[in-house]
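Visitor: sequence first, predicted coordinates after that:
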Amino acid sequence: MFTKHILFFLFLASFSFQVSYAQNQVSDEERLAASLERFPASDANKEGELTREEWRNFNNQRRAQQEPQQAKKPAPTHADVTYGPHERHVFDIWLTPSDKPTPLVIYIHGGGFRNGNKNTIAEDSLKQFQDAGLSVAAIHYRLSGTGPYPIMMEDAARCLQTIRSRADEWNLDSDKVACYGGSAGAGISLWLGFHEDLANPDSSDPIARQSTRITAVATRNGQSTYDLRTYRKWFEAPELPNGEAHFPMFGVTDSSEWDSDHIQSLMEDASPITHLTNDDIPVYMTYTRDNVPVDKNTPAGTWVHHVLLGIKLQHAMKTLDLECRINSPDYPETRYGSFENFLIAKLKTSHGK
């Protein structure tokens, strides 16, 4: 009997260790995903998935190059400003002093719609924007664990409307607003950029009457579509796996649901390219890997963040005489040189042209 008790306790201890280890592994994966979103250059082999070794090497290089006096990211002018009832309905804003209203850049974090944080806004980008006379915001939105699409996009739209409603108070030019982000943040930014205006002029809520249209978008490893059918067509890879692990925002728990009319309708509506029209805004798309072939065995992190998604959008936008720049190892962009320069140029001109 005593031996059975000992074995039972050993089993419990082993089980607890395995659960704890699994939880730490998930946490580690989330941290690596957030690090990749913030520092795309850390992905040394350009496969779209950051390993611990790559992150360690990248950090060592950064520390070796870092100046001891390097300035840290400044505190926001206003931190964790609420725009709704959920705990993630908050944003930070850095207001740049100016004699006239300043344009605004909004950072939307990535994280595969599962995780992510507004604090991943890069210090260098923030400094470039403020040095150019722009104000900057960084936002949170609800994640897939809270509910399915379209809550993420609707949250970003509501946050944009909330900021616009305070333009006079914060000395902002509400007609000059751009969005940018990586991965999921890229998709949300493009969706806002192309979607019809969500303003409701008849609403009793003054925030809901604000426009959701913006001036320009910049993306990093972004998705122009979230429709699995389109991925399979574009990559000529009909056996690409279903997307439970890749597109959690649809809330699919059974693979058979991907063929349902409801999910296919959501995938189509979530895809920014679906909403593209000839009055839409200029786009700058950065990709960190080459235009590699894709088949059913290609890691999901590669085809979900593939430059072909940008090339297809660029082709569709050129057909409508719209500007779409791509910057990648295979397609270096030379006019602007960076997404920061692109957004600054579009916001400092009258009509973003």
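Guide: Sure thing, it's come through. If you're wondering where the values come from, they're calculated on a predicted model, not measured in any experiment. Numbers count the residues shown, from 1 in each chain.
Visitor: pretty sure residue 186 is touching residue 109, no?
Guide: No - in this structure, residue 186 is not within contact of residue 109 by C-beta atoms under 8 Å, at 10.3 Å. Backbone N, C-alpha and C define where each C-beta goes, glycine included.
Visitor: of those two, who's got more company?
Guide: residue 186 (30 against 24; other C-beta atoms under 10 Å).
Visitor: would you say the more buried one is within a helix?
Guide: Yes - the assignment for residue 186 by DSSP: H, G, I helix; E, B strand; the rest coil puts it in a helix.
Visitor: what sits closest to it if chain neighbours are left out?
Guide: Leaving aside its sequence neighbours, residue 186 sits nearest to residue 222 (C-beta to C-beta, 6 or more residues apart in numbering; 2.7 Å).
Visitor: quick one: that neighbour is in a strand?
Guide: No - read with three-state DSSP, residue 222 is coil and lies in no strand.
Visitor: my guess is it contacts residue 191, does it?
Guide: No - in this structure, residue 222 is not within contact of residue 191 by C-beta under 8 Å, at 10.4 Å.
Visitor: quick one: residues contacting residue 172.
Guide: 95, 101, 102, 103, 104, 135, 163, 164, 166 (C-beta atoms under 8 Å, 6 or more residues apart in numbering).
Visitor: which of those residues sits closest to residue 282?
Guide: Closest approach between these and residue 282, by C-beta to C-beta: residue 103, at 14.3 Å.
Visitor: biggest strand in the chain by residues?
Guide: strand 172-182 (DSSP state E).
Visitor: now it: mean pLDDT?
Guide: Mean pLDDT, strand 172-182: 98.
Visitor: what about it, distance to the chain center?
Guide: Put simply, strand 172-182 sits 14 Å off its chain's centre (C-alpha atoms, centre = their mean, to the nearest Å).
Visitor: buried ones in it, by neighbour count?
Guide: 172, 173, 174, 175, 176, 177, 178, 179, 180, 181, 182 (16 or more other C-beta atoms under 10 Å).
Visitor: partners of it, with directions?
Guide: strand 102-108 (parallel), strand 216-220 (parallel) (DSSP bridges).
Visitor: phi and psi next, for residue 160.
Guide: phi -60, psi -40 (degrees, to the nearest 10).
Visitor: where along this protein do the strands fall?
Guide: Under DSSP E, the chain gives strands at 78-82, 90-94, 102-108, 135-139, 172-182, 216-220, 283-286, 324-327.
Visitor: same for the fourth one, what does it pack against?
Guide: Contact here means 3 or more C-beta pairs under 8 Å, 6 or more residues apart in numbering; DSSP states H and E; on that basis strand 135-139 packs against strand 90-94, strand 102-108, helix 123-131, helix 151-165.
Visitor: okay, angle between that strand and strand 90-94 too, please.
Guide: Relative orientation of strand 135-139 versus strand 90-94 (axes from the mean of the first three to the mean of the last three C-alpha atoms, to 10 degrees): 160 degrees.
Visitor: for strand 135-139, which strands pair with it and how are they oriented?
Guide: In the sheet, strand 135-139 lines up with strand 90-94 (antiparallel), strand 102-108 (parallel) (DSSP bridges).
Visitor: from the chain's centroid, how far away is that strand?
Guide: 14 Å.
Visitor: what angle do it and strand 78-82 make?
Guide: Using the same axes, to 10 degrees: strand 135-139 against strand 78-82 is 50 degrees.
Visitor: could you check the angle strand 135-139 makes with helix 123-131?
Guide: Using the same axes, to 10 degrees, the inter-axis angle of strand 135-139 relative to helix 123-131 is 140 degrees.
Visitor: can you dump the C-alpha coordinates of strand 135-139 into CSV?
Guide: Output in CSV follows, covering the C-alpha atoms of strand 135-139 (Å, rounded to 0.1, in the frame of the first residue of the first chain):
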residue,chain,number,x,y,z
SER,A,135,2.2,62.3,-32.9
VAL,A,136,2.0,58.5,-32.3
ALA,A,137,-0.4,56.1,-30.7
ALA,A,138,-0.1,52.4,-29.9
ILE,A,139,-3.2,50.3,-29.3
